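# Task: produce atomic coordinates for the following.
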Amino acid sequence: MSNTETHPAEMKCGGPADDADSSAVEVLTARQVPLGGPRAMPVRRTLPQRARTLIGAWCFADHYGPDDVSVTGGMDVAPHPHTGLQTVSWLFSGEIEHRDSLGSHAYVRPGELNLMTGGFGISHTEVSTPGTTVLHGVQLWVALPDEHRDAARDFQHHVPAPVPLDGGSARVFLGTLAGDTSPVRTFTPLLGAELSVDPGAAVTLDVDPEFEHGLLVDAGDVRLNGTVLKPAELGYAAPGRAALTVTNEGPDAARLVLLGGPPFGEEIVMWWNFIGRTHDDIVRAREAWQNASDRFGRVEGYPGDRLAAPALPNATLTPRRNPSPAAGDAR
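Below you'll find the model as predicted:
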């Protein structure tokens, strides 16, 4: 997915800052951003934001729908570039056609993971299919560590089977949870899973205490370790916890996305669809895209023009840092 904002925020992410409250669950609210389509489908963005820019290597989270495509026009994102990251596509309903400059032509369907590695440079398109009536899902980005940020283009597909939990179920699309491990390759340890929690149930998940975690609520009246989370909010839990308890206090099943990973110890500069380490990295990537260089390849089969990169700001990037992840209680 592209960041289609015409004036994307410039940010330098990571590094130390003030300590976070180690015992509390931090509640992150979303901001609405228009995305693609003739009438601009709205998405809810919880990462990055001023309060927190990364959770592990997860650096971008868009949550959209349920979206009536007859009203919004659905998703139609023209060819656009990525560097220094992986994109993770996960749907609850609808279907998206994916094409990229690696030559991949695939479909994103509910319960199926599509992971694309941008590395040194890739371009792709995302278009909701004609048969889609309701589009609903999440689009996530993972920052690549410095030693792998110029990795080769790659595309992986995986269909995780549901794993029963006491009070619900999980689909583990990245990493390990509840005894299930995804075979999908990543460049840092990660966790990504869709959770379903039965009405009135409380699910306790054993997790890696070295990870920080984020729980994105799609639907349900939910508490994370006792803290209320509303739909479209993301709850952040610092490292140090060996278990997370998710309680559904509502009359219907709750649906959530759990993200995790060890704190990302590197500073990154993220602007538009690029991740680098310096302002000059972003300048070079933008120039390569604007000049249609071979760095990003070509996407075949899309009936339209490429997205043009927004204008760069007339200033160098300014730091925007995460609070230092303090060890949480291990309860």
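# Can you name the element that comes right after the helix or strand of the chain with the lowest mean pLDDT?
Least confident helix or strand, the chain: strand 11-13 with a mean of 49, by mean pLDDT, DSSP states H and E. Heading C-terminal from strand 11-13, the first helix or strand you meet, by DSSP states H and E, is strand 26-28.
# That following strand pairs with which strands, parallel or anti?
strand 234-237 (antiparallel) (DSSP bridges).
# ok, residues contacting the partner strand?
Residues outside strand 234-237 that contact it (C-beta atoms under 8 Å, 6 or more residues apart in numbering) are 25-28, 30, 46-47, 52, 55, 61, 212-217, 224-225, 227, 229, 244, 328. No exception for glycine: its C-beta is placed from N, CA and C like everyone else's.
# Likewise for stretch 168-185?
Under C-beta under 8 Å, 6+ apart, the answer for stretch 168-185 is 88, 90, 111, 113, 115, 156, 158, 160-163, 165, 186, 189-198, 201, 203, 205-207, 248, 253-254, 258, 260-261.
# For the residue most central in space within the chain, which non-adjacent residue is closest in space?
What sits nearest the mean C-alpha location of the chain, by C-alpha atoms, centre = their mean, is Leu140, with 1.6 Å. Take Leu140 and drop its neighbours on the chain: the residue closest to it by C-beta to C-beta, 6 or more residues apart in numbering is Val88, 4.1 Å away.
# quick one: that neighbour and Ala143 touch, right?
No: using C-beta atoms under 8 Å, Val88 is not in contact with Ala143; the gap is 11.9 Å.
# per-residue confidence for Pro262?
pLDDT recorded at Pro262 is 98.
# Please disregard the earlier target; I meant Asn322.
On the pLDDT scale, Asn322 gets 70.
# same thing with His7?
With respect to pLDDT, His7 scores 54.
# same thing with Glu147?
pLDDT, Glu147: 97.
# helix, strand or coil for it?
helix (DSSP: H, G, I helix; E, B strand; the rest coil).
# Tell me the helix or strand right after the helix or strand containing the residue nearest to the centre of the chain.
Per DSSP H and E, Leu140 falls inside strand 134-143. Of the helices and strands lying after strand 134-143 in sequence (DSSP H and E), the nearest is strand 154-158.
# and the helix or strand that comes right after that following strand, what's its mean pLDDT?
Proceeding C-terminally, strand 154-158 gives way to strand 163-165 as the next helix or strand, assigned by DSSP H and E. Here strand 163-165 scores 98 as its mean pLDDT.
# Likewise for stretch 280-298?
Average pLDDT, stretch 280-298: 97.
# And for stretch 73-90?
The average pLDDT for stretch 73-90 rounds to 96.
# How about stretch 118-135?
97.
# And the strand or helix carrying Asp280, what's buried?
Here Asp280, judged by DSSP H and E, is contained in helix 279-290. Buried positions in helix 279-290, judged by neighbour count with 16 or more other C-beta atoms under 10 Å: 279, 281-282, 284-286, 288-289.
# again with stretch 256-271
Under the neighbour-count criterion of 16+ other C-beta under 10 Å, stretch 256-271 has 256-264, 266, 268-271 buried.
# Can you give me the pLDDT of Ala152?
Ala152 is given a pLDDT of 97.
# Would you quantify the distance from it to Arg185?
Using C-beta to C-beta, to the nearest Å, Ala152 is found at 12 Å from Arg185.
# Could you do Ala237 as well?
On the measure of C-beta to C-beta, Ala237 and Arg185 end up 26 Å apart.
# Also Ala30?
29 Å.
# Among those two, which residue is more densely surrounded?
Neighbour totals were compared for Ala30 and Arg185, and Ala30 leads with 19 against 11 (other C-beta atoms under 10 Å).
# List the contacts of the residue nearest to the more buried one when sequence neighbours are not counted.
Spatial nearest neighbour of Ala30, excluding adjacent residues (C-beta to C-beta, 6+ apart): Arg44 at 3.7 Å. The neighbours of Arg44, taking C-beta under 8 Å, 6+ apart as the test, are 30-33, 62-64, 232.
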